[in-house]
Structure formats: structure tokens, C-alpha cells
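1. structure, please.
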Amino acid sequence: MEAIFERRSIRKYLEKPIPKDIILDLLKAGMYAPTACNQRPWEFLVIDNPEILLKITGVHPYSQMLKEAPVCIAVCCNKDRTNTIGDPFWEQDCAAATENILLEAQDNGLGAVWLGVYPKESLINDLKKVLNIPENIIPFSLISLGYPAEKPKDIEKFDISRVYHNDWRHRY
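-> Next up is the predicted model:
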């Protein structure tokens with residue numbers, strides 16, 4: 001629970017590279033996320049080239065922290081892996097993978113922030129161009145990563161008034 005309670009969106013980073021073994025741990029955490037019908041539709045793009053990170057900031061309006069982030073992971077969906085069921089659960093699968101990466105980052109002393117991409121068509125198309133992403137791949141999210149240079153204050157997020165019991169007429 002510690003990683004869950006302490007995780008915050010971190011947008012300022014120290015000038016310190018992230019070791020490859022930690023990046024692999026993050027990717028492993030993402031691949032261990034729950035997935036509908038075991039489709040595992042995800043693909044991951046690790047971006048550590050400062051020029052490419054800067055290009056992303058030109059197309060994603062909320063990605064300015066990538067100018068100082070040492071690494072960004074793009075969580076993507078491979079549409080060729082989503083045909084085993086009629087409903088598109090890939091969004092949930094990629095969201096679970098994104099959250100697992102965020103929690104593993106926290107557990108490794110990293111700061112991270114989830115940058116939404118899907119379902120904004122303009123962001124999807126612009127990132128596909130910047131990152132040379134093939135047609136069958138849909139960028140779902142970006143995760144900015146680095147050693148934190150800030151510590152946002154702790155806030156209480158648990159709110160029992162949002163919990164119901166058995167039906168909507170009864171509070172828990």
C-alpha cells in the first residue's frame with residue numbers, strides 16, 4: 001500500500017539517468033497487468049533520446065516535463081492482438097499496464113506522471129508521426145520518468161461518502 005499511498009505525479013526531475021535494469025523492471029510490471037482474455041495487447045516504446053522527447057513536447061500540450069525527463073515510456077495497443085473478443089477491452093488493459101508501471105516507478109524511487117493520449121485523435125496521429133508508429137499500433141499513454149526533484153504534499157484521497165453498499169440507496 002505504501003507505493004499506492006505515496007505515488008504522486010512528478011513533473012520535475014534530477015539530471016540523473018535511469019539504469020536499464022530499472023527500465024526493464026518497469027516494463028515487466030506493465031506486462032504483468034491484468035488483461036481481458038489474456039490478450040496482452042500492449043507494446044511499449046522506451047524513449048530516451050532528448051531530441052525525440054523535445055519533439056513530443058511540440059505535439060502534446062501537457063508534456064513539457066519531457067524537456068528534462070531522462071526517459072518516457074509510450075504504452076501502446078497492437079490492434080492485431082485485440083480480435084479475440086468482440087468488445088474493445090484493450091483500453092482497460094493498457095490503463096492497467098500504465099498504472100503498474102507508475103507503481104513500480106514509485107517503488108524504485110522514481111517520479112512519474114501519466115500523460116493521456118487515447119482517445120484524442122489529434123494526439124494519436126501526431127505521436128504516430130513523431131515516433132514512427134505503424135498503422136496497427138495505437139498510442140494509449142505516455143509515462144514521463146525520472147528521479148524526483150520535487151515532493152508534492154501528501155493529501156488524503158479516501159472518501160467514504162463515495163462508497164455504496166448493495167445498491168445506490170445505501171452508504172457503506
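2. so what does the helix or strand that contains A97 touch, helix or strand wise?
-> Using DSSP states H and E, A97 sits within helix 90-107. Applying 3 or more Cβ pairs under 8 Å, 6 or more residues apart in numbering; DSSP states H and E, one finds that helix 90-107 contacts helix 2-6, helix 20-31, strand 42-47, strand 71-78, strand 111-116, strand 137-146. In short, each C-beta sits where N, CA and C put it, glycine included.
3. now it against strand 71-78, angle please.
-> 160 degrees (axes from the mean of the first three to the mean of the last three Cα atoms, to 10 degrees).
4. for helix 90-107, give the mean pLDDT please.
-> Averaged over helix 90-107, pLDDT sits at 97.
5. that helix: how far from the chain's middle?
-> From the chain centre to the centre of helix 90-107 is a distance of 6 Å (Cα atoms, centre = their mean, to the nearest Å).
6. contact partners of that helix?
-> Helix 90-107 has contacts (Cβ atoms under 8 Å, 6 or more residues apart in numbering) with 3-4, 6-7, 25-36, 39-42, 73, 75-77, 79, 81-82, 111-112, 114, 118-119, 138, 140-141, 143, 145.
7. in it, what's buried?
-> Neighbour counts over helix 90-107 (16 or more other Cβ atoms under 10 Å) mark 90-91, 93-107 as buried.
8. quick check: angle from it to strand 42-47?
-> Helix 90-107 and strand 42-47 are oriented at 50 degrees to each other (the same axes, to 10 degrees).
9. CA atoms only: put helix 90-107 into CSV for me.
-> Written as CSV, here are the backbone C-alpha positions of helix 90-107 (Å, rounded to 0.1, in the frame of the first residue of the first chain):
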residue,chain,number,x,y,z
TRP,A,90,-7.7,-3.0,-24.8
GLU,A,91,-8.2,0.4,-23.2
GLN,A,92,-8.6,-1.2,-19.8
ASP,A,93,-5.6,-3.5,-20.4
CYS,A,94,-3.3,-0.6,-21.4
ALA,A,95,-4.6,1.5,-18.4
ALA,A,96,-3.7,-1.3,-16.1
ALA,A,97,-0.3,-1.6,-17.6
THR,A,98,0.2,2.1,-17.3
GLU,A,99,-0.7,2.0,-13.6
ASN,A,100,1.5,-0.9,-12.9
ILE,A,101,4.5,1.0,-14.4
LEU,A,102,3.6,4.0,-12.3
LEU,A,103,3.6,1.9,-9.1
GLU,A,104,6.8,0.2,-10.0
ALA,A,105,8.4,3.5,-10.7
GLN,A,106,7.3,4.7,-7.2
ASP,A,107,8.7,1.5,-5.6
